[in-house]
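In: Everything below, folded, please.
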Amino acid sequence: MKTNILLLLLTSCIFSYAQKAPIKFGDIPMEDMKMKIYPLDSSAEAVVLVDYGQSGIDFNQTTGFNLSFERIRRVKIINKEGLRLANYSIPLYHDSDQEEKISNLKVVTYNLENGKISETKATSESFFKEKYDANFNVIKVAWTNVKEGSVLELSYKISANFFFNFQDWEFQSTVPTRWSEYRANIPQYFKYEKFMQGYIPIETEETTSAPRSIALSSIRSRTSRSIYNALDQENVVYQENRFRWVAKNVPSFRAEPHMPSERDYISKINFELSWIKFPNSDIVSYMGSWQDIAKSYWDRIANDVFVVNNLRGKVEELTSGITNQEHQAIRLYDYVKTNIIWTGSERRYPENDPEKTIQEKKGSSAEINLLLASLLEKAGIQVYPVLLSTRDHGFVRESNPLSTQFNYVVCEVKIGEKMFLLDATDKYLPFGTLPEKCLNGRGFRVNREGFQWIELAPLLKTRTVFNADLIATTEWVFDGSIKIERAGYNSTAARKEYLGKGEKEYIKRIANSSFCTFSKSDFQNVNELDQSFKEIHNIKISEHVTEGGQTIYFDPFIIGQKIENPFKAETRNYPVDFGHSFDYVYIAKFTIPEGYFIDELPKSKIINLPEKASKYIFSVSQTPNTISITSSLSINKSIFTQEEYPNLREFFSQVVAKQAEQIVLKKK
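Out: From the prediction side, this is the model:
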């Protein structure tokens with residue numbers, strides 16, 4: 001009888017692709033050295049000539065299976081703007097005392113001198129390591145002797161046993177890419193789900209397999225005829241699945257207005273570990289289900305957050321005399337956000353328990369918001385953690401149950417029939433309002449029973465109203481007042497600037513944006529976060545008119561004007577994501593001096609997008625000596641698709657054109 005003590009020894013030869021690698025380090029074609037302009041994009045400051053990567057899982061007799069990734073990258077610098085590419089970062093994942101290892105790092109600059117190619121190798125002083133976040137360090141690389149016309153080349157290898165961190169691959173860069181190729185060799189024991197994203201076509205996509213051999217060794221127990229254990233060996237042949245992707249002549253990736261996360265749209269392939277199953281062992285699942293993820297999260301945080309802590313006394317102290325549950329929740333929320341400083345770290349798991357967070361008076365987003373959850377639970381208020389992905393982290397693919405898609409946690413409380421989403425990291429946010437960065441699709445509510453997807457919608461609509469009342473003197477100086485009322489996220493942003501920078505700097509910024517002189521200002525609801533932020537300014541505006549003989553021209557907008565269309569490109573590859581709906585309203589009354597009459601006014605106009613997605617109203621009225629203008633812009637949904645983009649672009653073009661129209665007066 002055999003006892004299977006597994007020793008996996010790789011003994012067979014290694015099969016290779018029929019295709020050669022598209023690049024050999026140091027072999028620089030002369031035509032690339034002589035390139036002055038990239039033919040497919042004459043405006044390019046640089047071009048990635050070749051970017052080649054290969055990942056594989058191979059066996060090592062000492063350490064077992066290991067994951068490796070090798071890369072060669074070659075870049076041509078066209079002009080001085082391209083010199084920014086002479087710096088590069090290589091991420092290295094780490095967990096506890098284990099970290100990915102980098103080796104064979106080579107960094108070389110090539111220049112054409114007197115018709116010959118010269119090499120400058122980077123020295124160790126050109127590399128340094130720094131912490132990026134809780135799980136990543138980066139190796140910073142800098143080329144030397146870089147100038148216009150240089151070719152930069154880089155190669156390295158990364159080794160580790162973090163099988164869940166299989167290297168993703170980006171086919172696009174911020175400059176054009178002539179050739180991007182990625183290969184992956186994966187034994188049949190490992191199952192990875194592969195997700196392609198972006199809008200760049202993959203020219204070559206190949207899947208093949210080839211046999212590999214492992215010697216499976218086991219120790220046979222000794223018998224009465226033998227005093228020694230014997231070593232048996234048998235060869236196990238398995239299949240290695242091999243993948244190859246090639247993209248050619250890839251245009252540069254350019255961020256577009258109202259694009260929350262570039263990582264959602266850049267063309268790339270993502271890998272997620274689904275399961276591992278070695279011979280003679282059970283399958284180990286990694287991807288699981290959303291129910292598994294909810295249970296795992298709850299089990300990990302529930303004890304510290306909802307069971308074992310001594311916060312009940314603190315809750316009783318804070319809520320003493322308050323019987324209304326909503327008022328209790330507001331009191332606890334205000335306590336956390338004013339007494340615990342957010343460190344800037346966005347996390348979904350806390351490193352410290354709630355009591356320690358109170359003691360240290362600072363914490364990550366997870367520590368702050370789960371402290372709040374703990375206090376609310378001790379007050380008898382129904383509360384749930386809600387996992388989400390912030391806008392810069394990318395959207396969540398609900399079809400792919402992966403916990404790594406989340407990077408943040410907030411709270412949701414139920415009081416009677418009302419539901420409130422809470423984040424206590426920002427002291428300027430009112431109760432029931434999430435930071436704008438959290439408005440990214442749906443959140444993942446977790447409880448003891450499981451999970452539920454919930455909408456991350458703002459409680460209040462964002463709205464700004466400008467109301468100006470101005471009288472013009474015969475010297476054409478406008479004197480009067482302007483009232484500004486901001487609600488929703490505009491209120492939060494203004495209040496944060498006012499309280500953070502001070503009244504003087506706040507007024508200075510508004511005056512510079514409107515070319516006004518402010519003589520007196522009054523602010524209301526400065527600390528009432530659930531109220532709109534109000535301002536009243538006494539103002540004086542000179543040099544606002546253009547005189548031509550007997551004719552006067554002036555702009556009806558003194559503040560809040562759309563000067564240019566934010567959507568300049570004729571076409572768009574990606575959705576427009578405003579994050580939330582909003583209104584901008586401008587109301588102005590101008591009293592003109594005696595001796596002038598109104599010769600020409602902008603015409604009233606209404607502009608609509610289909611299905612009431614956006615609306616713009618411009619109306620004008622007059623009396624013999626007054627002109628009244630109302631301009632109202634409403635964006636009624638947060639996301640517009642690529643198909644809707646032409647209409648949205650034209651909508652803003654018409655808004656900009658209408659707001660640019662002038663009022664014309666003439667002398668009587």
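In: how does the protein divide into domains?
Out: 2-14+38-285, 290-455, 462-667 (automatic domain parsing).
In: mind putting those in a markdown table, mean neighbour count, mean pLDDT and distance to P29 included?
Out: Yep, even glycine has a C-beta here, placed from its N, CA and C like the rest. Shown next, in a markdown table, are the domains of the chain (neighbours: other Cβ atoms under 10 Å; pLDDT from 0 to 100; distance: least, Cβ to Cβ, whole Å):
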| stretch | mean neighbour count | mean pLDDT | distance to P29 |
| --- | --- | --- | --- |
| domain 2-14+38-285 | 16 | 86 | 9 |
| domain 290-455 | 19 | 94 | 37 |
| domain 462-667 | 16 | 93 | 31 |
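In: centroid residue for this structure?
Out: D392 (1.1 Å; Cα atoms, centre = their mean).
In: would you list the domains of the chain in CSV and tack on distance to G26?
Out: Listed next are the domains of the chain as CSV, based on distance: least, Cβ to Cβ, whole Å:
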stretch, distance to G26
domain 2-14+38-285, 7
domain 290-455, 37
domain 462-667, 36
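In: and of those domains, who's closest to I28?
Out: Nearest to I28 among the domains of the chain is domain 2-14+38-285; the distance by Cβ to Cβ comes to 5.4 Å.
In: Let me see the ranges of the helices in the stretch 451-600 of the chain.
Out: 489-501, 503-514 (DSSP state H, counting those that start in this stretch).
In: and the longest one, what does it pack onto?
Out: Contacts defined by 3 or more Cβ pairs under 8 Å, 6 or more residues apart in numbering; DSSP states H and E place helix 489-501 against strand 462-472, helix 503-514, strand 533-541.
In: Any idea which of the ones you listed gets closest to K106?
Out: When those are compared by Cβ to Cβ, helix 503-514 sits nearest K106, at 49.3 Å.
In: Quick one: the helices in the stretch 251-400 of the chain, in order.
Out: 290-302, 312-319, 325-339, 354-360, 365-378.
In: Enumerate every residue touching F195.
Out: 269-272, 397, 400 (Cβ atoms under 8 Å, 6 or more residues apart in numbering).
In: part of a strand, is it?
Out: Yes - assessed by DSSP: H, G, I helix; E, B strand; the rest coil, F195 belongs to a strand.
In: Ends of stretch 386-405, what's the gap?
Out: 13 Å (Cα to Cα, to the nearest Å).
In: same check, this time on stretch 545-553
Out: Stretch 545-553: ends 6 Å apart by Cα to Cα.
In: Show me how far it is from its chain's centre.
Out: Taking the mean C-alpha point of stretch 545-553 and that of its whole chain, the gap between them comes to 49 Å (Cα atoms, centre = their mean, to the nearest Å).
In: Mind listing residues that contact that stretch?
Out: So stretch 545-553 is in contact with 476, 554, 596, 599, 662-667, going by Cβ under 8 Å, 6+ apart.
In: closest to S209 among those residues?
Out: Nearest member of these to S209, counting by Cβ to Cβ, is Q662, at 71.1 Å.
In: residues in contact with the closest one?
Out: Contacts of Q662 (Cβ under 8 Å, 6+ apart): 553-556, 602.
In: which of those lies closest to P251?
Out: Once Cβ to Cβ is applied, the member of the contacts of Q662 that ends up nearest P251 is D555, at 39.0 Å.
In: Can you report phi and psi for the closest residue to the closest one other than its chain neighbours?
Out: The shortest distance from D555 to any non-neighbouring residue, by Cβ to Cβ, 6 or more residues apart in numbering, is to Q662 (6.1 Å). Q662 adopts backbone torsions of phi -110, psi 160, taken as degrees, to the nearest 10.
In: So V108 is in contact with G26, correct?
Out: Yes - using Cβ atoms under 8 Å, V108 is in contact with G26, at 7.2 Å.
In: what residues are shared contacts of the two?
Out: With Cβ under 8 Å, 6+ apart, V108 and G26 have common neighbours 119, 153.
In: pretty sure S653 contacts K568?
Out: No - when contacts are counted by Cβ under 8 Å, S653 is not listed as touching K568 (9.9 Å).
In: Output the contacting helices and strands for the lengthiest strand in the chain.
Out: Across the chain, the strand with the greatest residue count (assigned by DSSP state E) is strand 230-250. Applying 3+ Cβ pairs under 8 Å, 6+ apart, we find strand 230-250 packed against strand 177-187, strand 204-220.
In: ok, back up a step: what is the nearest of the contacts of Q662 to V446?
Out: So of the contacts of Q662, ranked by how close each gets to V446 (Cβ to Cβ), first place is P556, at 52.3 Å.
In: Show the contacting residues for that closest one.
Out: Here P556 is in contact with 588, 590, 602, 627, 629, 661-663 (Cβ under 8 Å, 6+ apart).
In: Would you agree T473 is in contact with D479?
Out: Yes - counting by Cβ under 8 Å, T473 touches D479, with 6.8 Å between them.
In: Identify the contacts common to those two.
Out: The contact sets of T473 and D479 do not overlap (Cβ under 8 Å, 6+ apart).
In: what kind of secondary structure is D27 in?
Out: Assignment for D27 (three-state DSSP): coil.
In: That one and S173, how far apart?
Out: Distance of D27 to S173, given as Cβ to Cβ, to the nearest Å: 21 Å.
In: got it, and S274?
Out: Counting by Cβ to Cβ - S274 and S173 are separated by 29 Å.
In: do the same with L421
Out: Separation of L421 from S173 (Cβ to Cβ): 37 Å.
In: try Y489
Out: Counting by Cβ to Cβ - Y489 and S173 are separated by 33 Å.
In: for Q642, same thing?
Out: Taken as Cβ to Cβ, the span from Q642 to S173 is 22 Å.
In: Mind putting the helices and strands packed on strand 230-250 into a markdown table with distance to E564?
Out: As requested, the helices and strands packed on strand 230-250 are exported to a markdown table (distance: least, Cβ to Cβ, whole Å):
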| stretch | distance to E564 |
| --- | --- |
| strand 177-187 | 31 |
| strand 204-220 | 41 |
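In: Of all the ones you listed, which one comes closest to F451?
Out: Nearest to F451, of all these, is strand 177-187, at 30.5 Å by Cβ to Cβ.
In: Run the chain-centre distance for that closest one.
Out: 25 Å.
In: Stretch 202-211 too?
Out: Distance, centroid of stretch 202-211 to centroid of chain: 32 Å (Cα atoms, centre = their mean).
In: Please work out which residues outside that stretch touch it.
Out: 12, 15, 17, 171, 196, 237-248.
In: SS state for the nearest residue to R254 once chain neighbours are set aside?
Out: Of all residues not flanking R254 in the chain, T174 sits nearest, at 7.7 Å (Cβ to Cβ, 6+ apart). Under three-state DSSP, the three-state class of T174 is coil.
In: wait, T174 sits on F253?
Out: Yes - counting by Cβ under 8 Å, T174 does reach F253; the two are 6.0 Å apart.
In: what's the helix or strand for E412?
Out: strand 408-415 (DSSP states H and E).
In: what do you get for Y199?
Out: Per DSSP H and E, there is no helix or strand for Y199.
In: Isn't it up against D264?
Out: No - counting by Cβ under 8 Å, Y199 sits too far from D264 to count as a contact (11.5 Å).
In: re the thing from before, relative to helix 365-378, how tilted is the strand holding E412?
Out: 20 degrees (axes from the mean of the first three to the mean of the last three Cα atoms, to 10 degrees).
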